[in-house]
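Student: Mind folding the following:
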Amino acid sequence: MKQNLINVFLEKGYLLSPDFFSSLNSDFDVESFLVAFEPKIESKETPIVLTKDLGNILMKLKQPITLNWYEFEKSRALLEKGRNDQVYQTFLEILNYNLSDKNKIASLLEDISEPPEPEVEKEIEGGGNVIVLKSYGPTSNKRDVGDFISYFRTRYNNVKELLQKRPELQNSISISRVFNKELKDPVSIIGMISDKHVTKNGHLLLKVEDLTGSITVLLNKDSDIFRLSNELVLDEIVGIDGQVGNGIIFSNSIYFPDIPMTKEIKRSSDEAYAVFISDLHVGSNVFLEKDFNRFLNWINGQTGSIKQRRIASKTKYLFIAGDVIDGVGVYPDQDKDLAIKEISLQYKRCAELLSSIRKDIKIIICPGNHDALRIAEPQPIFDATLAKSLYELDNVVIVSNPAMVNIHSSKEFSGFDVLMYHGYSFDHYASNVEAIRLNGGYDRGDLIMKYLLQRRHLAPVHGSTLYVPTPNVDPLFIDKVPDFLITGHIHKLSINTYNNVVTICGSCWQPKTDFQERVGHNPEPSKVATVNLKTREINVLNFGS
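Tutor: Got it, this is the predicted structure:
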């Protein structure tokens, strides 16, 4: 019997420890066990060794589990070597938890397993509803060169799939096949720009790569397409058509993945409002608390004109796009600029302010680079200990940066998809993309957001933001076209619409600091954007003194 079990488990990729057999009952059914036990294996190269401890637990659970098996096996190795038994025991305690207490299991697994993307619906009586479509949790896996390669391949394939839907690129071929073509043959390719420079004659040369090779692409300075030369950036993925030359493509057109012009303009059947703010910077000694209190009084219907009070009374959603606190140690000598010098107290004060907002208003918050998290994106949700006071607010929904949230849906209406991104990558594009820099730079958050929507990526240039390479998913890729793109970071309100996607870059609640002056921000604080979800009318309210 033992040999038969060993063979069956071995075929499924499991190894059996000698003590595993002592956990078996006489009526043990190996097929039923394997059907119930379908763990998520992080790597095919990582064998799962079934021990007595694990066998006892799995036969009680009788359902698939998700666990970081690589780390589990490492913890067991440490136990057997007599170095450390604490991690192994923690894994067993987690698995031993009563299955009905899912929240406890999820919170304990968070730091040692890959958390799934949540789909959370949170409703408040009299208010709207919020469904979190995408929000990213922390990951504990080590990263190596292979993860970066896999990440870029994933991004390339994601964007390539979008580009191939364009009629101009449906017959695109791999770069390696271009070299089999005759001179002057028409050709189209999809590739990543890895180099860019101008020749002595003023033409633009691009080095373009795909998974099969690389080729040079020339944009003639006298062609209409040359106007794109000041928009193209390294690492972005584009479609190119042109004519074959001698080891080169003479480009006729360049295509971006872009947002389709046919994007539906959604309108709700009932009148409700969404309000958008950003960059509170609570804890800063120049936090504009008086202005923010004016905003709180308005949203609670206590001040304003008749029209403004009517908007407040019908407000169902408040979005805050990051940097709710000023943080500690974000930049050199920041302590001199802080009125509250402890992180948890900054979050506590922020929660005190937000707690005064009517409870029928849903408050959706994502983090930013000043919050107490890693800067690398995707930034997970706030730390439950440091930001405990925010989690205690019943009408607050906390998501990652970036995140996709659906609001105001019903049985008859699909609701609005809101893509939230704080905007840490914006600095790069405001400074380095000539088409943006020469047309306002930091003052034109709408141009930056349009640029990123055209690329279908929140940070198409490697190095424009810090990121965590996730092998099988790119959290910064804009796979689903949103109805609203909500950002912040540059402290200046900017509103526009691109192909029926409303883009709003939030204002701030802090005047210009010495640090902001050094980085080129020109803040216009205390401004709030409101959107009528029925008519799509946008109003801007100024709460500055």
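
Student: Can you show me the strands along the stretch 351-500 of the chain?
Tutor: 362-366, 396-398, 403-407, 416-420, 484-487, 494-498 (DSSP state E, counting those that start in this stretch).

Student: Could you give the average pLDDT over the third one?
Tutor: Read it as strand 403-407. Regarding strand 403-407, the rounded mean pLDDT is 95.

Student: Residues contacting that strand, please?
Tutor: The contact list for strand 403-407 (C-beta atoms under 8 Å, 6 or more residues apart in numbering) reads 128-136, 274, 316-317, 362, 364, 366, 397, 399, 414-420, 480, 482. No exception for glycine: its C-beta is placed from N, CA and C like everyone else's.

Student: mind checking the SS state of Gln516?
Tutor: helix (DSSP: H, G, I helix; E, B strand; the rest coil).

Student: Tell me the spacing between it and Leu373.
Tutor: Distance, Gln516 to Leu373, by C-beta to C-beta, to the nearest Å: 21 Å.

Student: Next: Leu280.
Tutor: Between Leu280 and Leu373 the distance is 16 Å, computed by C-beta to C-beta.

Student: Ok, Asp443 next?
Tutor: Distance from Asp443 to Leu373, by C-beta to C-beta: 28 Å.

Student: before we move on, what about Leu219?
Tutor: Counting by C-beta to C-beta - Leu219 and Leu373 are separated by 41 Å.

Student: Residue ranges in the stretch 51-200 of the chain under the pLDDT threshold?
Tutor: 54-78, 80-128, 139-140 (pLDDT under 70).

Student: ok, the residue nearest the centre of the chain to Asp427 distance?
Tutor: Nearest residue to the geometric centre of the chain (C-alpha atoms, centre = their mean): Pro402, 2.8 Å. The spacing between Pro402 and Asp427, counted by C-beta to C-beta, is 16 Å.

Student: Now the longest helix seen in the chain: buried residues?
Tutor: Ranked by residue count, the top helix of the chain under DSSP state H comes out as helix 145-163. Residues Tyr151, Phe152, Thr154, Arg155, Tyr156, Asn158, Val159, Lys160, Leu162, Leu163 are the ones in helix 145-163 that count as buried (16 or more other C-beta atoms under 10 Å).

Student: what's the burial count for the nearest residue to the fourth one once chain neighbours are set aside?
Tutor: In space, Arg155 comes closest to Asp474 once its chain neighbours are excluded; the distance is 4.6 Å by C-beta to C-beta, 6 or more residues apart in numbering. Counted by other C-beta atoms under 10 Å, the residues lying close to Asp474 total 24.

Student: so what's Asp474 up against?
Tutor: Asp474 neighbours (C-beta under 8 Å, 6+ apart): Tyr151, Thr154, Arg155, Asn158, His457.

Student: Identify whichever of the strands of the stretch 351-500 of the chain lies nearest to Lys207.
Tutor: strand 494-498 (29.3 Å; C-beta to C-beta).

Student: Quick check: neighbours of that closest one in the sheet, parallel or antiparallel?
Tutor: strand 501-505 (antiparallel) (DSSP bridges).

Student: how about the partner strand: buried residues?
Tutor: Buried, per 16+ other C-beta under 10 Å, within strand 501-505: Val501, Val502, Thr503, Ile504, Cys505.

Student: what do you get for stretch 518-525?
Tutor: Quick answer for stretch 518-525 (16+ other C-beta under 10 Å): His521, Pro523, Glu524, Pro525.

Student: now swap in stretch 529-545 and tell me
Tutor: Ala529, Thr530, Val531, Asn532, Leu533, Leu541, Phe543.

Student: now do stretch 167-175
Tutor: Buried residues in stretch 167-175, counted by 16+ other C-beta under 10 Å: Leu169, Ser172, Ile175.

Student: Off-centre distance for it?
Tutor: How far stretch 167-175 lies from its chain's middle: 29 Å, per C-alpha atoms, centre = their mean, to the nearest Å.

Student: and the lengthiest strand in the chain, which strands flank it?
Tutor: Taking DSSP state E as the criterion, the chain has its longest strand at strand 186-198. Within its sheet, strand 186-198 is paired with strand 204-210 (antiparallel), strand 237-244 (antiparallel), according to DSSP bridges.

Student: Adding distance to Lys450, mean pLDDT and mean neighbour count, write these out as TSV.
Tutor: Shown next, in TSV, are the strands paired with strand 186-198 (distance: least, C-beta to C-beta, whole Å; pLDDT from 0 to 100; neighbours: other C-beta atoms under 10 Å):
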stretch	distance to Lys450	mean pLDDT	mean neighbour count
strand 204-210	22	95	19
strand 237-244	16	95	21
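
Student: out of those strands, nearest to Tyr451?
Tutor: Comparing the strands paired with strand 186-198 by C-beta to C-beta, strand 237-244 comes nearest, at 13.3 Å.

Student: Next SSE downstream of the closest one?
Tutor: Reading on from strand 237-244 to the C-terminus, the next helix or strand found by DSSP states H and E is strand 248-255.

Student: how close does Ile343 get to Ser284?
Tutor: To Ser284, Ile343 is 13 Å away according to C-beta to C-beta.

Student: Which one's more surrounded, those two?
Tutor: It is Ser284, of Ile343 and Ser284, that has more neighbours when counted by other C-beta under 10 Å, with 24 against 20.
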